[in-house]
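Visitor: What follows is a predicted structure for the sequence shown.
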Amino acid sequence: MKARTGTQPIRLIIADDHPAIREGLAAIFRSQNDIEVVAEATDGEEACELYDQLFPDVLVLDLRMPKKDALQVVIELTSSPRAPKPRIIVMATYEEEEDIQRTLSAGARGYVLKAAPPEYIRQAVRTAAGGESVLSSGNCFGTCLVA
């Protein structure tokens, strides 16, 4: 994977098994000059394959997907000898403490609720691309950063 420079857009893969969610997420990034959606996956297995082909800067994964869920993808991509480690944001409909802890402990850079405003989701991708972690929880959209 090449190191990013400030002039290159953040390369992003979106993985969600629901077409409306996947297309909606892609749409919120289209107007951004600094973020480029390089691929969309319909399940976790496809997300892993696309990662290995395209080496994006960030992956945004639905928590619950067929074939491999987000936790399985996070474990697979972060436990293998990849350098640098993939920067992964997990998106979910609900705030479940166990899911948050498991995905972050496995190596995800963030956990964002699907109810988050589009600008927060865009900023979460920028934050993850910069090497920081992000967590949206309850009413702290845009203010909860995790080390």
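Guide: Good, I have the coordinates.
Visitor: Please enumerate the helices of the chain.
Guide: With DSSP state H as the criterion, the chain has helices at 19-30, 44-54, 70-79, 97-106, 118-129.
Visitor: List the buried residues for the last one?
Guide: Neighbour-count burial for helix 118-129 flags 120-129 (criterion: 16 or more other Cβ atoms under 10 Å). Where you see a C-beta, it was placed from the backbone N, CA and C, and this is true even at glycine.
Visitor: Likewise for the first one?
Guide: With burial defined by 16+ other Cβ under 10 Å, the residues of helix 19-30 counted as buried are 22, 25-26, 28-29.
Visitor: want to throw these into TSV with distance to residue 69?
Guide: Shown next, in TSV, are those (distance: Cβ to Cβ, whole Å):
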residue	distance to residue 69
22	16
25	17
26	21
28	23
29	23
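Visitor: And the residue nearest the centre of the chain?
Guide: residue 60 (2.3 Å; Cα atoms, centre = their mean).
Visitor: where's that residue relative to residue 21, distance?
Guide: 10 Å (Cβ to Cβ, to the nearest Å).
Visitor: before we move on, what about residue 53?
Guide: Taken as Cβ to Cβ, the span from residue 53 to residue 21 is 23 Å.
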